[in-house]
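1. please find the sequence and the predicted model below.
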Amino acid sequence: MNEVGLTILGGLWILSGSCTGHREKNEVQKQPNIVFLLADDLRWNSLNCMGNNILHTENIDELARNGVRFTHACVTTSISMVSRASILTGQYMSRHKIREFGKSLSEQAFTDTYPSILRQAGYWTGFVGKYGVGQIRESDFDFAREYESVHWFPLVNGDSVHVTERNAKDALEFLKKRPKDKPFLLSVSFFATHAQDNHPDQYRYQPSSEKYYQNDFIPVPETTSDEYFNRLPPFIANEANEGRVRWHWRFDTPEKYQKYMKAYYRMLTEMDLAIGRIVAELKEQGVYENTLIIFTGDNGYFHSEHGLADKWYSYEEALRVPLVVYDPRLKQGRRNRVIDDFVLNIDIAPTIISAAGSDIPGIMQGMDFSELYLLKNTKKWRKDFYYEHPFVTSETRIPSSEALVTHTSKYIFWPHYQYEEYFDLEKDPMEKNNLINQRGAEGKIDEMKSRFDKLKSRAQ
């Protein structure tokens with residue numbers, strides 16, 4: 001991999017080190033500010049700039065036009081608590097050990113997170129929104145506003161404020177009140193587009209958003225039918241499975257599907273508008289051109305594919321998340337690009353740390369993915385990755401799973417049930433047909449299982 005560092009000299013950051021490729025000739029720059037924007041329960045194609053023309057995501061789309069977007073950004077575990085721990089630490093679940101609700105990073109032996117490292121490097125650090133990994137590590141932040149779980153919060157005057165509006169106001173407060181003599185790191189962790197699971201409306205958007213999507217028809221996925229639900233492993237293709245339970249909450253009639261998908265999209269548009277306000281403040285303060293902005297999601301999401309809702313499982317809808325990056329180091333002629341390489345949630349922390357000019361801790365398992373767009377020639381990058389997921393509550397409700405994922409195929413292993421799946425993603429991108437027992441596929445499957453074992457060992 002590349003060994004690229006930043007050295008401070010007279011208040012400027014000088015690029016140094018050796019590269020496997022050629023970096024743009026933009027080698028002297030001020031220490032960058034960093035804004036990290038994290039959506040909840042948002043999959044890769046839930047953006048207009050990723051091909052969903054129904055959606056109003058103009059501000060995120062604008063970041064993409066001025067930066068880069070990734071088609072194969074994935075999570076190593078598709079559940080919020082684990083993925084957020086992986087984002088903060090740059091580590092697989094197998095290493096950071098956050099696998100149960102209520103577990104906190106502060107209980108673990110390690111201390112390195114991307115905000116702790118940047119704070120030690122002199123950054124003014126802020127966190128807004130859903131932390132999701134137990135009690136927030138306040139020592140990581142100079143400014144912290146942590147809250148989640150509901151869409152509306154009561155105010156002292158008897159009124160209420162929506163969680164996304166609260167996210168926006170707190171982010172703007174951080175930007176307005178920050179010390180102007182320090183670089184800053186702001187992490188905004190939206191609760192949108194997460195459902196409020198205990199509420200019959202599920203996706204409780206703001207009244208001002210009612211105007212969006214009223215006359216739109218949201219296409220129903222091809223694999224939403226009982227035919228494809230029944231093709232799932234038997235321990236998932238039953239009514240006790242949590243993915244099916246929540247499908248009944250949201251999607252089990254055409255009318256319900258339209259209602260809840262439009263509500264979900266309204267919450268997405270509200271988040272996009274909040275991001276627009278944050279970017280506008282960066283421009284107003286004159287720091288936009290020296291601020292790295294990363295937008296992604298904590299896990300993917302089923303919109304009724306396979307007859308399921310929510311996330312958790314090793315299928316494409318749950319694994320893949322949006323990733324849009326605006327990086328002022330990128331020259332104009334190389335912006336508005338689409339990159340197909342695998343980028344993982346464990347890569348976020350190393351990328352932020354590297355951009356700030358600090359050393360990436362050896363315990364981190366991710367890589368600095370900025371080389372994919374800052375280098376003209378990247379000689380080596382991952383071609384596959386290992387996925388892991390714990391059982392949640394019980395193996396009946398949400399079973400544990402593991403997988404090896406490549407661009408062309410996928411091997412899935414359900415350890416509790418000793419059940420295997422194999423999909424040819426080139427011919428079957430919607431994962432309709434499990435080919436694990438197909439004659440002639442044995443060689444490829446054995447090859448993938450060997451690679452699976454190797455990457456699993458590395459993750460642990």
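-> Okay, I see it.
2. contacts only, for the closest residue to Gln120 other than its chain neighbours.
-> Distance criterion Cβ to Cβ, 6 or more residues apart in numbering; nearest residue to Gln120, sequence neighbours excluded, is Ser358 at 7.9 Å. From N, CA and C alone the C-beta is placed, and that goes for glycine too. By Cβ atoms under 8 Å, 6 or more residues apart in numbering, the residues touching Ser358 are Ile117, Leu118, Gln120, Ala121.
3. wait, doesn't the first one sit right on Ile353?
-> Right, Ile117. Yes: if you go by Cβ atoms under 8 Å, Ile117 and Ile353 touch, sitting 5.4 Å apart.
4. from the contacts of Ser358, which land in helices?
-> The helices, defined by DSSP state H, take in Ile117, Leu118, Gln120 from these.
5. measure the residue most central in space within the chain to Phe190 for me?
-> The centroid of the chain falls nearest to Gly297 when counting by Cα atoms, centre = their mean (2.6 Å). Distance, Gly297 to Phe190, using Cβ to Cβ, to the nearest Å: 9 Å.
6. list the residues that contact both of those two?
-> With Cβ under 8 Å, 6+ apart as the test, Gly297 and Phe190 both reach Leu38, Ala39, Asp40.
7. in CSV, list those along with distance to Gly90 and pLDDT.
-> Listed next are the shared contacts of Gly297 and Phe190 as CSV, based on distance: Cβ to Cβ, whole Å; pLDDT from 0 to 100:
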residue, distance to Gly90, pLDDT
Leu38, 15, 98
Ala39, 19, 98
Asp40, 20, 98
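8. so which of these belong to strands?
-> Of the positions in the shared contacts of Gly297 and Phe190, Leu38, Ala39 sit in strands, assigned by DSSP state E.
9. low-confidence stretches in the stretch 51-200 of the chain?
-> Scanning the stretch 51-200 of the chain with the threshold set as pLDDT under 70 gives 101-111.
10. the helices in it, which residues?
-> With DSSP state H, counting those that start in this stretch applied, the stretch 51-200 of the chain shows helices at 58-65, 80-89, 93-96, 114-120, 163-177, listed in chain order.
11. buried deepest among those helices, which one?
-> Per residue and on average, the most neighbours among the helices of the stretch 51-200 of the chain fall to helix 80-89, with a mean of 26 (mean count of other Cβ atoms under 10 Å).
12. so which elements touch that one?
-> helix 93-96, helix 348-355 (3 or more Cβ pairs under 8 Å, 6 or more residues apart in numbering; DSSP states H and E).
13. tell me the helix or strand right after the last one.
-> Meaning helix 348-355. helix 371-374 (DSSP states H and E).
14. given the following helix or strand past that following helix, what are its sheet partners and their directions?
-> Moving toward the C-terminus from helix 371-374, the next helix or strand (DSSP H and E) is strand 384-389. If you go by DSSP bridges, strand 384-389 pairs up with strand 401-406 (antiparallel).
15. residues contacting the partner strand, please?
-> With Cβ under 8 Å, 6+ apart, strand 401-406 has contacts from 74, 312-314, 319, 342, 383-389, 410-415, 425, 448-449, 451-452, 455-456.
16. determine which two of the contacts of Ser358 are furthest apart.
-> Pairwise distances across the contacts of Ser358 peak at 7.2 Å for Leu118 and Gln120 (criterion: Cβ to Cβ).
17. checking my notes, Arg451 in a strand, right?
-> No: Arg451: not assigned to a strand; according to DSSP: H, G, I helix; E, B strand; the rest coil it is helix.
18. my guess is it contacts Phe385, does it?
-> No: using Cβ under 8 Å as the test, Arg451 is too far from Phe385 to be in contact (10.3 Å).
19. out of the two, which sits in the busier spot?
-> Phe385 (21 against 16; other Cβ atoms under 10 Å).
20. I figured the more buried one hits Phe342, correct?
-> Yes: when contacts are counted by Cβ under 8 Å, Phe385 is listed as touching Phe342 (5.7 Å).
21. name the residues contacting each of these two.
-> Joint contacts of Phe385 and Phe342 (Cβ under 8 Å, 6+ apart) are Cys74, Val405.
22. how far out from the middle of the chain is the host helix or strand of Asp272?
-> Assigned by DSSP H and E, Asp272 belongs to helix 254-284. Centroid displacement of helix 254-284 relative to its chain, using Cα atoms, centre = their mean, to the nearest Å, is 16 Å.
23. try stretch 336-355
-> Centroid separation between stretch 336-355 and its chain, computed with Cα atoms, centre = their mean, is 11 Å.
24. tell me the buried residues in that stretch?
-> Across stretch 336-355, burial judged by 16 or more other Cβ atoms under 10 Å covers 339, 341-355.
25. now find how far off-centre stretch 208-224 is within its chain.
-> Worked out by Cα atoms, centre = their mean, stretch 208-224 lies 23 Å from the chain centre.
26. hang on, the earlier thing: closest to Gly307 out of the helices of the stretch 51-200 of the chain?
-> Here helix 80-89 is closest among those (Cβ to Cβ), at 22.3 Å.
27. per-residue pLDDT, Glu3?
-> pLDDT for Glu3: 35.
28. please apply the same query to the one 4 residues further on.
-> Here, the pLDDT recorded for Thr7 equals 35.
29. same check, this time on Glu431
-> 98.
30. which residues touch it?
-> His306, Tyr315, Glu316, Lys410, Phe423, Leu425 are the contacts of Glu431 under Cβ under 8 Å, 6+ apart.
31. any idea how far it is from Arg231?
-> As judged by Cβ to Cβ, Glu431 and Arg231 stand 9 Å apart.
32. so which of the ones in helices among the contacts of Ser358 is the closest to Tyr419?
-> Distance to Tyr419 across these (Cβ to Cβ) is lowest for Ile117, with 40.4 Å.
33. which residues do Ile117 and Ile353 both contact?
-> Pro361.
34. what comes up buried for stretch 412-420?
-> Applying 16+ other Cβ under 10 Å to stretch 412-420 flags Ile412, Phe413, Trp414, Tyr419 as buried.
35. pick the one among these closest to Asp216.
-> Closest to Asp216, out of all of those and judged by Cβ to Cβ, is Ile412, at 34.0 Å.
36. and Tyr203, how far is that from Tyr264?
-> On the measure of Cβ to Cβ, Tyr203 and Tyr264 end up 5 Å apart.
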